[in-house]
Each structure stands twice: as structure tokens, then as C-alpha cells.
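Trainee: Predicted model and sequence follow; I will ask about them next.
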Amino acid sequence: MKTAAVQMISRPEWPANREAAARLVAQAADAGARLVALPEYFCLLGRRDTDKLALAEAPGQGPIQDFLAETALRHGVWLVGGTLPVHADVPGRVLNRCAVYGPDGHAAGHYDKVHLFAFDNGRESYDEGRTLCAGGQPVALDLPATAQTPALRIGLSVCYDLRFPELYRALMAPPCDLLLVPAAFTHTTGQAHWEVLLRARAIENQCYVLAPAQGGLHENGRRTWGHSVLIDPWGQVVSVLPEGEGVVMGELELGRIAQVRQQLPALAHRRL
């Protein structure tokens with residue numbers, strides 16, 4: 001099955017990001033992708049952290065979620081909707097939600113980001129806990145087979161989650177075929193850790209990893225690392241886009257997963 005990771009340089013305005021996401025998903029679908037994933041914060045990278053509060057939607061309804069459902073239906077693809085802000089029970093904070101839609105346009109499930117990023121090196125400072133509430137549960141989804149796609153088990157995660165391997169272990173019972181990591185890694189942390197962490201998650205879980213990312217200099221002055229990538233179960237990079245808008249394409253071969261797990265049955269050797 002052909003998969004695609006969409007790389008964006010999201011702006012502070014939802015209409016501009018909607019147009020870019022629509023265009024790039026269409027490009028991926030036209031090239032044969034049956035599963036397409038958008039990056040974290042695809043709908044908005046605001047000038048202030050609090051800008052996402054004004055864009056937040058109620059669970060299951062709102063223009064961003066409607067866009068994702070309509071886009072999945074229009075192209076007949078599984079669409080992993082990066083992340084969008086969803087109302088939380090805590091005033092002044094939102095959930096950072098990754099929502100998945102099926103080829104019929106119906107919601108297949110969602111995951112709320114568990115680990116909230118914080119970083120301060122004296123030049124850059126981030127603290128997602130100021131505006132986000134952490135999610136509570138790991139989420140893996142069993143996607144049923146369609147006329148164009150095989151049955152598939154996917155594990156959902158978001159950006160900073162990548163640094164916590166215990167989350168991915170929780171997703172592997174039973175094992176996933178594909179781990180999704182929509183992200184907006186900073187240029188500083190991405191340059192140091194992005195690829196090595198993604199390859200480690202693929203190797204230790206013996207499955208594909210698809211990571212759609214933000215990739216460039218944003219209007220708010222933030223620079224994201226990009227390098228949207230598909231990695232195979234042996235940890236090999238199948239396809240990558242270093243920077244700028246675009247689409248990363250690659251084949252998901254279920255036989256390759258079975259081959260790796262048979263030759264090196266590490267998942268069956270776990271003791272802890």
C-alpha cells in the first residue's frame with residue numbers, strides 16, 4: 001500500500017493552511033497514496049501560543065474536522081489529520097488531537113497528545129503546558145480492509161511523544177504495522193535527534209514509521225526541522241523530504257514486516 005507524509009510550513013491563518021493541506025493531500029492521492037498523514041499543527045502555527053485557543057473546536061464538530069472528513073471522502077483515503085486544537089475541561093487550555101478519518105469520510109478514532117514539549121536553551125523557549133492539556137491514553141486503531149487497502153493496525157503519537165519509548169511499547173500489544181508521528185520539531189532539536197529517534201522506534205518495534213512534519217521558516221519566526229520521512233521495519237529510510245512544502249511517498253509492504261519479525265523475533269523475546 002502506498003502511503004504519504006505531507007510536509008507543510010503552516011501559517012498563522014487557518015484559510016491559508018486549509019488551502020495548502022487540500023492541495024498537498026490531493027497531490028498525494030493523485031500519486032496513488034491510500035493513507036495520507038498531515039503534520040502536527042497543520043491548521044495553525046500562530047504568532048502566539050494562545051492563538052490556538054481561538055481556533056479550538058468541540059469534539060467531533062467544527063470547520064477543521066469537517067475539512068478532514070470531507071477531504072478523506074473526496075479522495076477515498078485514510079487521512080491522519082496531523083493535530084488540531086480541541087476544547088478541554090481546563091479553562092485557557094486545549095487538547096492537541098490527532099484525528100483519523102476513513103475513505104468514507106467517517107471518523108475512525110483519535111489520540112490526544114500525552115507528552116507536552118518544554119525546552120529552553122537560553123535562545124529558544126517553549127512550554128506547551130501553558131496552553132495544552134495532556135491526553136491520557138495510548139491509541140492504536142485497526143483499520144479494516146477496503147477494495148484498495150489491506151487491513152492495517154496503526155499506532156498514533158505526536159511529536160514530543162517520540163522521546164518516550166514506553167508509549168510505543170504500549171501500542172505494540174498486539175503489534176502495529178505502522179506508527180504515525182505527526183510533528184513540528186524545532187530545527188535545534190530535530191537536527192540533533194529527529195532521525196535517530198524515528199529509526200530507533202522503527203527498529204525496536206519492527207514496523208514502519210511515517211512522520212509528517214512542519215519544515216521551514218514560519219511567519220512567527222519559528223524554524224522547524226522538516227525531514228518528513230517513511231522508515232521501514234529494519235530502520236532504513238525509504239523516503240525523506242528535508243525542507244519545504246511537499247509530499248513524501250513510499251510503499252508499505254506487510255510482507256517486509258513479517259520477514260523482519262521472523263528473521264529477528266525480538267518482539268517475542270521481550271522479558272520486561
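Mentor: Sure, I can see it.
Trainee: so Leu73 makes contact with Ala107?
Mentor: No: in terms of C-beta atoms under 8 Å, Leu73 does not count as a neighbour of Ala107; the distance is 11.5 Å. (Glycine included, C-beta is placed from N, CA and C.)
Trainee: who touches both of the two?
Mentor: Listed as contacting both Leu73 and Ala107 by C-beta atoms under 8 Å, 6 or more residues apart in numbering are Tyr101.
Trainee: List phi and psi for the residue nearest to Leu152 when sequence neighbours are not counted.
Mentor: In space, and not counting its chain neighbours, Leu152 is closest to Leu143: 4.5 Å by C-beta to C-beta, 6 or more residues apart in numbering. Geometry field for Leu143 lists phi and psi as phi -90, psi 120, criterion degrees, to the nearest 10.
Trainee: shouldn't Leu143 be in contact with Pro103?
Mentor: No: between Leu143 and Pro103 no contact is recorded; they are 9.7 Å apart, counting by C-beta under 8 Å.
Trainee: For stretch 157-174, C-alpha coordinates in PDB please.
Mentor: Provided in PDB are the C-alpha atoms of stretch 157-174 (Å, rounded to 0.1, in the frame of the first residue of the first chain):
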ATOM      1  CA  SER A 157       1.600   9.500  18.600                       C
ATOM      2  CA  VAL A 158       2.600  13.200  18.200                       C
ATOM      3  CA  CYS A 159       6.000  14.900  18.100                       C
ATOM      4  CA  TYR A 160       7.500  15.000  21.600                       C
ATOM      5  CA  ASP A 161       6.000  11.600  22.300                       C
ATOM      6  CA  LEU A 162       8.800  10.300  20.100                       C
ATOM      7  CA  ARG A 163      11.200  10.600  23.100                       C
ATOM      8  CA  PHE A 164       9.200   8.200  25.300                       C
ATOM      9  CA  PRO A 165       9.600   4.600  24.000                       C
ATOM     10  CA  GLU A 166       7.300   3.200  26.700                       C
ATOM     11  CA  LEU A 167       4.400   4.800  24.800                       C
ATOM     12  CA  TYR A 168       5.200   2.800  21.700                       C
ATOM     13  CA  ARG A 169       5.600  -0.400  23.600                       C
ATOM     14  CA  ALA A 170       2.100   0.100  25.000                       C
ATOM     15  CA  LEU A 171       0.900   0.400  21.300                       C
ATOM     16  CA  MET A 172       2.500  -2.900  20.400                       C
ATOM     17  CA  ALA A 173       0.100  -5.300  22.100                       C
ATOM     18  CA  PRO A 174      -0.900  -6.500  19.600                       C
END
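Trainee: What residues sit buried inside it?
Mentor: Residues of stretch 157-174 classed as buried: 157-162, 167-168, 171-172 (neighbour count, 16 or more other C-beta atoms under 10 Å).
Trainee: try stretch 101-113
Mentor: Within stretch 101-113, the residues that qualify as buried by neighbour count (16+ other C-beta under 10 Å) are 101-103, 105, 107-113.
Trainee: returning to that earlier point: closest to Ile231 out of the buried residues of stretch 157-174?
Mentor: Taking C-beta to C-beta as the measure, Ile231 lies nearest Leu162 of the buried residues of stretch 157-174, at 11.9 Å.
Trainee: thinking again about what came up before, JSON lines for the buried residues of stretch 101-113, including distance to Arg34, pLDDT and secondary structure?
Mentor: Output for the buried residues of stretch 101-113, formatted as JSON lines (distance: C-beta to C-beta, whole Å; pLDDT from 0 to 100; DSSP: H, G, I helix; E, B strand; the rest coil):
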{"residue": "Tyr101", "distance to Arg34": "13", "pLDDT": "98", "secondary structure": "strand"}
{"residue": "Gly102", "distance to Arg34": "11", "pLDDT": "97", "secondary structure": "coil"}
{"residue": "Pro103", "distance to Arg34": "8", "pLDDT": "97", "secondary structure": "coil"}
{"residue": "Gly105", "distance to Arg34": "15", "pLDDT": "98", "secondary structure": "coil"}
{"residue": "Ala107", "distance to Arg34": "18", "pLDDT": "98", "secondary structure": "strand"}
{"residue": "Ala108", "distance to Arg34": "14", "pLDDT": "98", "secondary structure": "strand"}
{"residue": "Gly109", "distance to Arg34": "18", "pLDDT": "98", "secondary structure": "strand"}
{"residue": "His110", "distance to Arg34": "20", "pLDDT": "98", "secondary structure": "strand"}
{"residue": "Tyr111", "distance to Arg34": "21", "pLDDT": "98", "secondary structure": "strand"}
{"residue": "Asp112", "distance to Arg34": "26", "pLDDT": "98", "secondary structure": "strand"}
{"residue": "Lys113", "distance to Arg34": "25", "pLDDT": "98", "secondary structure": "coil"}
